[in-house]
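Asks: here are the coordinates; sequence isn't available:
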């Protein structure tokens, strides 16, 4: 039996990966609410992603409800969903580490029944999560082609970097680009001299650059970083959060908390395309092994099936349960 699963459109690239899981994904649609944009343009949504008007939402049975944002869990769960839908098996995807206190913040989902899925082990480590908890790491599709790395510059892929400020490393980016050539792509990148690129063109764009630069201080592991690595692009950046477990120095790129050393390594790659190609090949292998889309789909399939059947979260597939 194919499961019917309700979720919201919060992060387009992540939702596209999630849609590979062989269930029927229902996306509520309403022009006045956050996360109700449905099948937005620019993504190749598969047929198992179905829009449902908010006016029809309450009449539908869902085997599992997957929350991805506090607004939907705190407010829409009460205001929009029916009693039966609120009683359905529930999952909450936590996309970020805690922002206020990195070590002492209690996770807001504490109803004792909703399974909290952290997208990185760093997130789970930092949140004080009281509910059943597991980790499902990101999954990306590895393209059949590899990037050329011909363009002697680094590329930064971050949406709304100006608004997100120091946490995403706005000041680090601005200093670093005075010391080495860096381009920025993402939503609202034009305000910082960058450009916005259609989701379908991001991988091809990034693949022409010598390396991807990550100025990020404190957030989750960005899908853009993994997609670049999947295309054979090495990573240069700050040794923070989950990235410290992904990039090994002189293997998939270079990371450090000293920006001087990071910039120095960036210049090494700018001057040596052969080295960049070698590290990029290692990055591609790591992503294929650890973050392949097939593993991601298997993890989510097993978790959703267990939740729908009211079974314990399966240890060893979707991660270790705590």
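Replies: In hand now; what should we look at? The shown structure was predicted, so the numbers you read here are calculated from the model rather than taken from an experiment.

Asks: quick check: domain ranges of the protein?
Replies: 4-139+293-308, 151-290 (automatic domain parsing).

Asks: Of all those, which one is nearest residue 145?
Replies: domain 151-290 (7.5 Å; CB to CB). (Each C-beta comes from the backbone N, C-alpha and C, glycine too.)

Asks: what about that closest one, start to end distance?
Replies: This stretch, domain 151-290, spans 28 Å end to end (CA to CA, to the nearest Å).

Asks: just to revisit the earlier point, if you compare the domains of the chain, which one is most tucked away?
Replies: Of all the domains of the chain, domain 151-290 has the most neighbours on average by mean count of other CB atoms under 10 Å, namely a mean of 19.

Asks: State the mean pLDDT of that one.
Replies: Averaged across domain 151-290, pLDDT comes to 97.

Asks: Assumed residue 25 was part of a helix.
Replies: No: counting by DSSP: H, G, I helix; E, B strand; the rest coil, residue 25 is not part of a helix but strand.

Asks: Relative to residue 164, how far out is the closest residue to it other than its chain neighbours?
Replies: Spatial nearest neighbour of residue 25, chain neighbours left out: residue 49 (4.8 Å); criterion: CB to CB, 6 or more residues apart in numbering. Residue 49 sits 28 Å away from residue 164, going by CB to CB, to the nearest Å.

Asks: Am I right that residue 199 is in contact with residue 40?
Replies: No: applying CB atoms under 8 Å, one finds residue 199 not in contact with residue 40, separated by 9.2 Å.

Asks: shared neighbours, the two?
Replies: Counting by CB atoms under 8 Å, 6 or more residues apart in numbering, the residues touching both residue 199 and residue 40 are residue 12.

Asks: Specify the local secondary structure of residue 134.
Replies: At residue 134 the chain is in strand, as set by three-state DSSP.

Asks: That one reaches residue 120, doesn't it?
Replies: No: using CB under 8 Å as the test, residue 134 is too far from residue 120 to be in contact (12.0 Å).

Asks: the strands in the stretch 51-200 of the chain, which residues?
Replies: Taking DSSP state E, counting those that start in this stretch as the criterion, the stretch 51-200 of the chain carries its strands at 64-67, 89-94, 115-118, 133-135, 151-157, 182-185.

Asks: which strands and helices sit next to the shortest one?
Replies: Using 3 or more CB pairs under 8 Å, 6 or more residues apart in numbering; DSSP states H and E as the contact criterion, the neighbours of strand 133-135 among helices and strands are strand 115-118, helix 121-126.

Asks: related to what we said a few turns ago, from residue 78, how far out is the residue nearest to residue 25?
Replies: From residue 49 across to residue 78, the span is 25 Å (CB to CB).

Asks: Perfect, that will be all.
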